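A.B. asks: Below: sequence and its predicted model.
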Amino acid sequence: MMSRETILNAVLALALLVVPVTASYAGEQFYVTLATRVAILALGAVGLNIALGLGGLVSFGHAAFFGIGGYAAGILAQHALSMEPIVFGLPGTKQMLVIWLVAMAASGLAALAIGAISLRTAGVYFIMITLAFAQMIYYFAISWPAYGGEDGLSIALRNSFPGVNTLRPLPFFLLCYGVLAAALAFFLMLKNARFGAALQASRQNEVRVASVGIGPYRIRLAAFIISGMVTGLAGALFADLNRFVSPSMLSWQMSGELIVLIILGGVGRLFGPVVGAVIFVVLEFWLGGITERWQFFLGLALLGVVLFARGGVIGLLAGRERHG
Amino acid sequence: MQLALFIEQLLNGLQLGVMLFLMAAGLTLIFGVMGLINLAHGSFYMVGAFACAAVAAWTGSFWIGLVASLAAAAAAGAIVELLVIRRLYGRDHLDQVLATFALILVFSEGTRWLFGSFPLYLNIPPLLSGAVALPGGSQYSLYRLAIIAVGVLVAVGLYLLIQKTRLGMRIRAGESDREMIGALGVDVATLYTLVFALGAGLAGLAGAMVGAIQSVQVGMGEPVLILAFVVIVIGGIGSIKGALVGAVLVGVVDTLGRFLLPQLFGLFLNPSQAGLVGGALASMLIYVMMAIVLAVRPRGLFAGQA
């Protein structure tokens, strides 16, 4: 028999597909864009959920990877447009597949460097250090004028994907939805693999993991890198959605939002980031329509969730996570 | 000339360091005693600046504004502690991060609601608006010197409070063993509210003093908050001495880096490129310093006893 969580996940996955497709045929392109935003933010949070949910690593600097992915897309597209090589005669490109690979490689390298230092510490130190490193990259992006500095970088025309007309909202949404589905499948696979077991065990009891001969540091570093790569991929898609990259993608508010998405949905839950992204985007849209001060009420709502609804919305609807 | 400029930048660095100390002292105290990570500390800095600007505009006196900033930030701290923070002590850091992140949204949007989106301006009081002569023939703002003096006074005051008074003894006892002092009849809940209000008040004081140099606006607290995090990570979380050393180090390195690095690159690059590379590297310098400190001492320079 399926658990309530599985049923909830299936309903949610279906709804996230059906609503924008229906909206598109009804001529409401705006809702398609909104759903694309949900899918991309959820993807970014799925990445963070690997480090935070499975590994217990509270990274407050994942905006760094999100932004690096975004800048990879922006910079490659700009060089493709200007026909100037980036370095060593390497040209830019408008092909999403190449851009995604570069975005993941770049954010993975950044995660390796940041993780290698930050993972020497734990707890509150780790939170502050990841935050500080993300700020470092943020300030670098602001003070480096070659790619727009503070003003950001526009992408003149959305990048292309073989066989998909990415310029139209619905095909681009379906592409993002596909990537999100692949990432969720990857998350599930990772969670149930030996690697996932070791990662979760080193969250629960570091000493025991070490005593059976597994080094928690290396496991965590690998998880942090994978996590950064997935979030970087989301950043590349986000840049293509807005056709714009700016340092705000690297800001600490972005890191905070990614954490918020996960906690709203439920930490470590497969669909936690998706639920969180749906709630966040809907709240943003709905409250933003009612009042200019929507962030005030968003803050109050978040306080309510932390203080009174532990385990997030999935925890509320499907009960505590089962260990079996 | 070059020497005078250097001294001026050094003093600017000290002044930044002193401001950071006022922020970091509260943060590190709150973490050391209650084990709480407080992202909303920058909001108290903003509350202090806005209270000072509003009261100074209303009464015409900067000094009344300064008192108001301390009172308003401490009161905001006490209220927030009683309503929200108190429920978070036993929780893990993730919940604390999220709740205090939510508090930032509430404070920032609430302040924008009350005061509008435009920045307020706060004038330097006439008594301190002059300049003093520095060795080497240049002038330095008296107000900035006064900020440094206030910082030194607060550092001495905190030292006396924590080492020499009964309240300080309880704070130190709370750091080492909270169950035990509760069992000995100390009202731990009130102690925590006091410590939180004290930290918030110091942040508010810092905000008010900086408000007269920069503009008073929503979101002014978070960049300072993040620098204060760097400070306490370098100094060692829970250590006031670490906060002081870390703050001065960060303030001086950041300011001198912005001044010296472009000149250093000017030796072998053309001026515009040197400004670019030097400026970009200078903005990253303190984070590099933090990484080096952590690589050598993962718990900071003066790792707390907690």
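C.D. replies: Yep, it's here. Computed from a prediction, not measured in an experiment: that's the story for all the values here.
A.B. asks: where do the strands sit along chain A?
C.D. replies: A:153-154, A:244-245 (DSSP state E).
A.B. asks: what about the first one, average pLDDT?
C.D. replies: Rounded to a whole number, the mean pLDDT of strand A:153-154 is 88.
A.B. asks: which strands and helices sit next to it?
C.D. replies: Judged by 3 or more C-beta pairs under 8 Å, 6 or more residues apart in numbering or on different chains; DSSP states H and E, strand A:153-154 is in contact with helix A:63-82, strand A:244-245. C-beta: built from backbone N, CA, C; applies to glycine.
A.B. asks: Which among these is found nearest to A:R220?
C.D. replies: Between A:R220 and these, the shortest separation by C-beta to C-beta is 15.7 Å, and it involves helix A:63-82.
A.B. asks: mind listing what A:N165 touches?
C.D. replies: By C-beta atoms under 8 Å, 6 or more residues apart in numbering or on different chains, the contact set of A:N165 is A:P171.
A.B. asks: any idea how far A:R158 is from it?
C.D. replies: When distance is defined by C-beta to C-beta, to the nearest Å, A:N165 is 10 Å away from A:R158.
A.B. asks: do A:R243 as well
C.D. replies: 6 Å.
A.B. asks: which one of those two has more residues nearby?
C.D. replies: A:R158 (20 against 15; other C-beta atoms under 10 Å in any protein chain shown).
A.B. asks: how close does the more buried one sit to chain B?
C.D. replies: Separation of A:R158 from chain B (C-beta to the nearest C-beta, to the nearest Å): 30 Å.
A.B. asks: where does the chain have low pLDDT?
C.D. replies: Answering for chain A, as no chain was given. Within chain A, the stretches with pLDDT under 70 are A:1-2, A:89, A:310-311, A:320-324.
A.B. asks: please go with chain B instead
C.D. replies: B:1, B:136, B:304-306.
A.B. asks: Kindly report the residues of the stretch 1-150 of chain B close to chain A.
C.D. replies: With C-beta under 8 Å from any C-beta of the partner chain as the criterion, the stretch 1-150 of chain B meets chain A at residues B:31, B:37, B:39, B:84, B:87-88, B:93-95, B:97-99, B:101-106, B:108-110, B:112-113.
A.B. asks: Give me the subset of the residues you listed that lies in helices.
C.D. replies: Among the residues of the stretch 1-150 of chain B next to chain A, DSSP state H puts B:31, B:93-95, B:97-99, B:101-106, B:108-110, B:112-113 in helices.
A.B. asks: List only those of those residues flagged as buried.
C.D. replies: Buried members of these, counted by 16 or more other C-beta atoms under 10 Å in any protein chain shown: B:31, B:93-95, B:97-99, B:101-106, B:108-110, B:112.
A.B. asks: and the residue of the stretch 151-300 of chain B found nearest chain A, how far is that from A:A111?
C.D. replies: Nearest residue of the stretch 151-300 of chain B to chain A, counting by C-beta to the nearest C-beta: B:Y287, 3.7 Å away. Distance of B:Y287 to A:A111, computed by C-beta to C-beta: 16 Å.
A.B. asks: Show me which of those two is the more surrounded one.
C.D. replies: Per other C-beta under 10 Å, whichever of B:Y287 and A:A111 has more neighbours is A:A111, with 30 against 20.
A.B. asks: which ones are touching the more buried one?
C.D. replies: Residues in contact with A:A111 (C-beta under 8 Å, 6+ apart) are A:F65, A:F224, A:I225, A:S227, A:G228, A:M229.
A.B. asks: For ChimeraX, write a command that selects the buried ones of these.
C.D. replies: Only the buried entries of the contacts of A:A111 go into this ChimeraX selection, using 16+ other C-beta under 10 Å:
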select /A:65,224,225,227,228,229
